[in-house]
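> I would like to see how this sequence folds:
(chains A, B, C and D)
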Number of protein chains: 2
Amino acid sequence: MHQLKQHIEKITPISDKEFEYILSHFTSKKLRKHQYVIQEGELVTHDHFVLKGCLKAYHLAKDGKEHILQFAMEDWWVTDYQAYFKQSKATIHIDCIEDCELLTLSLHNREKLCSEMHKIEHFFRKKSNAGYVALQQRILSLLNSSAKEKYEQLLKLYPQLFQRVPKQLLAAYLGVSRETLSRLNASNK
Amino acid sequence: MHQLKQHIEKITPISDKEFEYILSHFTSKKLRKHQYVIQEGELVTHDHFVLKGCLKAYHLAKDGKEHILQFAMEDWWVTDYQAYFKQSKATIHIDCIEDCELLTLSLHNREKLCSEMHKIEHFFRKKSNAGYVALQQRILSLLNSSAKEKYEQLLKLYPQLFQRVPKQLLAAYLGVSRETLSRLNASNK
DNA sequence: AGTTTTATGTGATGTAGATCACATATTATT
DNA sequence: AATAATATGTGATCTACATCACATAAAACT
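Prediction:
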């Protein structure tokens, strides 16, 4: 079965006909490692469903430091949502950290599908709710915890990241310096 | 016009009949300052729309420190969403920091309205999207910034808070000690 | 296979902000 | 109005983590 169909059916059943129709609103995109999906300042027109690969969404601070907002792997969605929903210019960057296969969905097509198919509006509401909850948890983790605790929480939540993503990027996600993270690794064994 | 109707119509128009039907799914609740809406460990059954007043949603760390996830004022929604969507036990507290008037909505009624009225599902999707974007911005602010910058960003975004909420609570929201915040105030003038 | 690039480890030193301690306002409560 | 409770201010000290500097190791490219 198609990966996206499977993904949608975790929330709502859809027929093959319906899925075919839905899929026709996406376009596919292949990118190599180090290529970008979104760059700061560019108009954000599409949301991206990850079929394969891994990406990072990050903000570049004036001092050149990268602050990672989100990683995205198989079955995740990623874009600059602020810019996407407002159809305005990106304030973040999104880069491939592995070769990637994406399905892209324009805001127009998203809204079209949502208004034509109540099921799809339901699907996106549920996804958005889940995302909201996950971000709240992350905020609590950022407020609460020492570098060590944050790191442990991240590894517990997304053990796959540890394998796939350079540790300096995990540090940039946690808001900790790569040196501190390295020392945590040393002491944790 | 009813405050909730006005609120919904910022996203989608509804007739008086429709609104009457929607409203019949809410119940109203009045609470005094210092009373609680949700306590850690209790089952979370309802979402809350604030008609009047101000609340804080916070996590209590083991060391007794309060980490504020969210404030809620007029026209905001607040609950422990993680627990609410899973119909499970709260991991956070929500208290009134002023006398409050709330409209409460059970998950059952929320889902009922969403499935009966496509418009309402649309409304909640849009609200959730906006919330997601706001949380992303907050995460970037937490990752990026010094205590001073975070404080300035907060005051720019929600100047009302400065008037209504004790500064030690703003500190707990920013993840900064109240002493540090006080020193920022002193130097900023 | 060799060379460049990128990632990681580890010591020495610096610093923003926490914590502690207590004084002073401000706000509730009787 | 008096008293209690809560909020804020401010100095002195401490500490987790950042930053800098350089060594080592692992990928990536030719």
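
> show residues contacting stretch A:28-39.
The contact list for stretch A:28-39, computed with CB atoms under 8 Å, 6 or more residues apart in numbering or on different chains, reads A:44, A:48, A:51, A:53, A:55, A:57, A:78-80, A:90, A:92-104. For glycine as for every other residue, the C-beta is placed from the backbone atoms N, C-alpha and C.

> the helix or strand where residue A:180 lies: which residues count as buried?
Under the criterion of DSSP states H and E, residue A:180 resides in helix A:178-187. Using 16 or more other CB atoms under 10 Å in any protein chain shown as the test for burial, helix A:178-187 gives A:181, A:184.

> any weak-confidence spans in chain A?
The model of chain A has pLDDT under 70 over residues A:188-189.

> mind exporting the C-alpha coordinates of the helix holding residue A:180 to CSV?
Extracted C-alpha coordinates of helix A:178-187, given in CSV (Å, rounded to 0.1, in the frame of the first residue of the first chain):
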residue,chain,number,x,y,z
ARG,A,178,28.2,20.4,21.1
GLU,A,179,31.0,20.3,23.6
THR,A,180,28.6,19.9,26.5
LEU,A,181,26.7,17.2,24.7
SER,A,182,30.0,15.4,24.0
ARG,A,183,30.9,15.5,27.7
LEU,A,184,27.4,14.1,28.5
ASN,A,185,28.1,11.2,26.2
ALA,A,186,31.4,10.6,27.9
SER,A,187,30.0,10.6,31.4
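
> quick check: buried residues in stretch A:94-114?
Using 16+ other CB under 10 Å as the test for burial, stretch A:94-114 gives A:94-97, A:100, A:102-107, A:109-110, A:113-114.

> the lengthiest helix in chain A packs against which elements?
Using DSSP state H to define each element, chain A has its longest helix at helix A:118-144. In terms of contacts (3 or more CB pairs under 8 Å, 6 or more residues apart in numbering or on different chains; DSSP states H and E), helix A:118-144 is packed against helix A:107-116, helix A:147-157, strand B:55-60, strand B:66-72, helix B:81-86, helix B:107-116, helix B:118-144.

> could you tell me the angle between it and helix B:107-116?
Angle, helix A:118-144 to helix B:107-116, by axes from the mean of the first three to the mean of the last three CA atoms, to 10 degrees: 140 degrees.

> excluding chain neighbours, what is closest to residue A:84?
Nearest non-adjacent residue to residue A:84, counting by CB to CB, 6 or more residues apart in numbering or on different chains: residue A:44, 4.6 Å away.

> returning to that earlier point: off-centre distance for the longest helix of chain A?
Centroid separation for helix A:118-144 versus its chain: 12 Å, with CA atoms, centre = their mean, to the nearest Å.

> what about it, near DNA strand C?
No. Counting by CB under 7 Å from any atom of the strand, DNA strand C is not contacted by helix A:118-144; separation bottoms out at 9.9 Å.

> get me the contact residues on chain A for chain B.
A:59, A:61, A:67-70, A:81-82, A:85, A:114-115, A:118, A:121-122, A:124-125, A:128-133, A:135-140, A:142-144, A:175 (CB under 8 Å from any CB of the partner chain).

> which of those are buried?
A:59, A:67-70, A:81-82, A:85, A:114, A:118, A:121-122, A:124-125, A:128-133, A:135-140, A:142-144, A:175.

> which other helices and strands does the helix or strand where residue A:94 lies contact?
Take DSSP H and E as the rule and residue A:94 turns out to sit in strand A:93-96. When contacts are defined as 3+ CB pairs under 8 Å, 6+ apart, strand A:93-96 packs onto strand A:36-38, strand A:55-60.

> direction included, what does that strand pair up with?
Here strand A:93-96 has these sheet partners by DSSP bridges: strand A:36-38 (antiparallel), strand A:55-60 (antiparallel).

> TSV for those, including distance to residue B:30?
Listed next are the strands paired with strand A:93-96 as TSV, based on distance: least, CB to CB, whole Å:
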stretch	distance to residue B:30
strand A:36-38	47
strand A:55-60	42
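
> so which of these gets nearest DNA strand C?
strand A:55-60 (10.3 Å; CB to the nearest atom of the strand).

> do that closest one and DNA strand C meet at all?
No. Strand A:55-60 lies out of reach of DNA strand C by CB under 7 Å from any atom of the strand, never closer than 10.3 Å.

> and that strand, which residues are buried?
Neighbour counts over strand A:55-60 (16+ other CB under 10 Å) mark A:55, A:56, A:57, A:58, A:59 as buried.

> for these, which one is nearest residue A:162?
Nearest to residue A:162, judged by CB to CB, of the buried residues of strand A:55-60 is residue A:56 at 14.9 Å.

> just checking, residue A:103 touches residue A:48?
Yes. In this structure, residue A:103 is within contact of residue A:48 by CB atoms under 8 Å, at 7.2 Å.

> return the residues of chain A in contact with DNA strand C.
When proximity is defined by CB under 7 Å from any atom of the strand, chain A lies next to DNA strand C at A:166, A:167, A:168, A:169, A:178, A:179, A:181, A:182, A:183, A:185, A:186.

> TSV for those, including distance to DNA strand D?
Formatted as TSV, the residues of chain A next to DNA strand C follow (distance: CB to the nearest atom of the strand, whole Å):
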residue	distance to DNA strand D
A:166	9
A:167	12
A:168	12
A:169	13
A:178	8
A:179	4
A:181	7
A:182	9
A:183	8
A:185	13
A:186	13
